[in-house]
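Chemist: coords below, sequence missing:
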């Protein structure tokens with residue numbers, strides 16, 4: 001048994017796993033930044049840069065903002081707008097409270113990394129408008145560095161480039177995912193369309209087999225019931241015809257249903273060849289068993305056609321004869337097959353009561369429609385209607401494209 005290829009590790013991770021990874025990264029990054037801020041505040045050294053010593057309340061504000069930035073990174077997958085707002089508010093509070101202090105530069109790395117991560121996710125998973133909105137807010141946040149110390153605003157270009165790069169990468173990932181999703185939907189639609197077409201084909205084949213065979217069985221059963229007392233031998237003949245027709249129908253149905261089996265060794269019945277025009281004698285004999293004598297005429301240079309075209313021609317003749325048996329109320333019919341250089345002409349007519357096509361469609365539901373579909377597949381033409389003065393005729397012209 002073929003197994004589905006195992007997806008890569010990133011494809012096996014669920015949303016909860018990614019949220020847990022974000023939370024772990026936020027915890028590590030926040031802990032490192034927290035410790036650096038505390039170390040700087042405890043061991044203040046201006047290093048000749050004349051940066052003032054941070055006050056306790058300033059350190060407290062910055063530490064609260066470190067926690068807010070960690071929260072933004074942790075919730076970015078489930079609350080992206082909230083994460084953008086947290087980054088913007090935290091950085092504004094840091095600049096307002098400690099923009100002239102070294103601790104603002106220390107937290108700046110966490111701000112840039114968190115902001116870039118949020119912008120990347122917004123561009124990759126949300127709409128283009130939302131991604132651009134997140135980028136604009138991030139760029140606006142970088143402009144706040146101009147209100148801080150020289151060291152702070154000196155790095156605004158690096159921060160802006162980091163956010164632009166994150167947005168570009170996120171947008172590319174988003175487009176790639178959208179393309180993959182569209183491709184998968186297209187493939188799924190193609191598979192469904194193919195399965196639908198196959199079901200229609202099988203339904204058409206089953207209809208042709210069952211309709212013809214059951215028509216013969218119905219006529220023979222009625223005849224046998226009528227003569228069982230007066231003509232036992234005639235009843236036996238009718239039963240034999242029913243047995244032969246039903247056996248042939250079962251054999252063809254097994255061949256059709258075999259393609260629906262999932263696994264298992266194919267039986268011999270499912271491997272039998274599809275009927276062709278060479279098997280028309282069987283149709284003639286079946287119609288005769290149903291009480292309709294068929295005059296079969298074949299003209300032109302007979303040649304072998306493609307198996308699909310042979311099957312189509314056979315099914316058209318079969319369905320037309322089935323309609324004669326079911327609707328025409330006559331005991332004779334005529335079938336003419338004409339091999340033309342670039343086409344195959346099929347004509348089935350009778351001198352019965354001459355039902356209108358709408359009557360046949362209403363009583364049958366699939367016959368003429370199925371013939372039209374078969375003919376249409378080859379770009380041919382189908383004419384079906386009453387004859388003058390009485391009767392009904394089906395005429396199909398199937399282009400062969402000069403098949404030899």
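Modeler: Everything's here; your move. What you see is a predicted model, and the numbers here were worked out from it, not measured in a lab.

Chemist: contact partners for residue 22?
Modeler: 73-74, 76-77, 117 (CB atoms under 8 Å, 6 or more residues apart in numbering). Quick note: C-beta positions are derived from backbone N, CA and C, even for glycine.

Chemist: highest neighbour count among those residues?
Modeler: residue 76 (27 neighbours; other CB atoms under 10 Å).

Chemist: which of the contacts of residue 22 sits closest to residue 352?
Modeler: residue 77 (73.5 Å; CB to CB).

Chemist: residues in contact with the closest one?
Modeler: 15, 18-19, 22, 121, 125.

Chemist: which is the succeeding secondary structure element to the lowest-mean-pLDDT helix or strand in the chain?
Modeler: Sorted by mean pLDDT, DSSP states H and E, the helices and strands of the chain end with helix 357-364, the least confident at a mean of 54. Note on helix 357-364: by DSSP states H and E, the next helix or strand toward the C-terminus is helix 367-377.

Chemist: packing partners of that next one?
Modeler: helix 156-227, helix 307-323, helix 357-364, strand 381-386, strand 392-399 (3 or more CB pairs under 8 Å, 6 or more residues apart in numbering; DSSP states H and E).

Chemist: hang on, residue 325 packs against residue 294?
Modeler: No. Residue 325 lies out of contact with residue 294 (CB atoms under 8 Å); the separation is 10.1 Å.

Chemist: tell me which of the contacts of residue 22 has the lowest pLDDT.
Modeler: pLDDT is lowest at residue 77 among the contacts of residue 22; the value there is 84.

Chemist: can you confirm that one is in a helix?
Modeler: No. Going by DSSP: H, G, I helix; E, B strand; the rest coil, the assignment for residue 77 is coil, not a helix.

Chemist: distance of it from residue 200?
Modeler: In this structure, residue 77 lies at 45 Å from residue 200, with CB to CB, to the nearest Å as the measure.

Chemist: which secondary structure element contains residue 54?
Modeler: Per DSSP H and E, there is no helix or strand for residue 54.

Chemist: likewise for the one 3 residues further on?
Modeler: Residue 57 belongs to helix 56-75 when assigned by DSSP H and E.

Chemist: and that helix, what does it pack against?
Modeler: Counting by 3+ CB pairs under 8 Å, 6+ apart, helix 56-75 packs on helix 15-42, helix 80-98, helix 102-125.

Chemist: of those helices, which stretch is the most buried?
Modeler: Comparing the helices and strands packed on helix 56-75 on average neighbours per residue, with mean count of other CB atoms under 10 Å, the densest one is helix 102-125 at a mean of 24.

Chemist: after that helix, next one along is what?
Modeler: That would be, after helix 102-125 and using DSSP H and E, helix 128-143.

Chemist: counting neighbours, what do you get for residue 381?
Modeler: Under the criterion other CB under 10 Å, the count of neighbours that residue 381 has is 14.

Chemist: I'd guessed it sits against residue 396; true?
Modeler: Yes. When contacts are counted by CB under 8 Å, residue 381 is listed as touching residue 396 (7.3 Å).

Chemist: find residues that contact each of these two.
Modeler: In contact with both residue 381 and residue 396: residue 375, using CB under 8 Å, 6+ apart.

Chemist: quick check, nearest of the contacts of residue 77 to residue 182?
Modeler: Nearest member of the contacts of residue 77 to residue 182, counting by CB to CB, is residue 125, at 15.9 Å.

Chemist: look at residue 353 and tell me its secondary structure.
Modeler: Residue 353 ends up coil, using three-state DSSP.

Chemist: brain fart, residue 379
Modeler: coil.

Chemist: mind listing what it touches?
Modeler: With CB under 8 Å, 6+ apart, residue 379 has these contacts: residue 399.

Chemist: check the gap between it and residue 200 for me.
Modeler: The value you get for residue 379 to residue 200, if CB to CB is used, is 18 Å.

Chemist: touching, residue 122 and residue 129? I think so.
Modeler: No. Counting by CB under 8 Å, residue 122 stays clear of residue 129, with 10.2 Å between them.

Chemist: what is in contact with residue 325 and residue 294 at once?
Modeler: residue 287.

Chemist: give me the number of residues near residue 161?
Modeler: The burial count for residue 161: 13, using other CB under 10 Å.

Chemist: got it, and residue 153?
Modeler: 18.

Chemist: contacts only, for it.
Modeler: 145-147.

Chemist: of those residues, closest to residue 248?
Modeler: Nearest member of the contacts of residue 153 to residue 248, counting by CB to CB, is residue 145, at 87.7 Å.

Chemist: give me the distance between the closest one and residue 320.
Modeler: 85 Å.

Chemist: looking at those two, which is more packed in?
Modeler: residue 320 (27 against 24).

Chemist: mind checking what secondary structure the residue nearest to the more buried one when sequence neighbours are not counted has?
Modeler: Nearest residue to residue 320, sequence neighbours excluded (CB to CB, 6 or more residues apart in numbering): residue 348, at 3.6 Å. Secondary structure assignment for residue 348 (three-state DSSP): strand.

Chemist: quick check, residue 348 in contact with residue 393.
Modeler: Yes. With contacts defined as CB under 8 Å, residue 348 counts as touching residue 393 at a distance of 7.1 Å.
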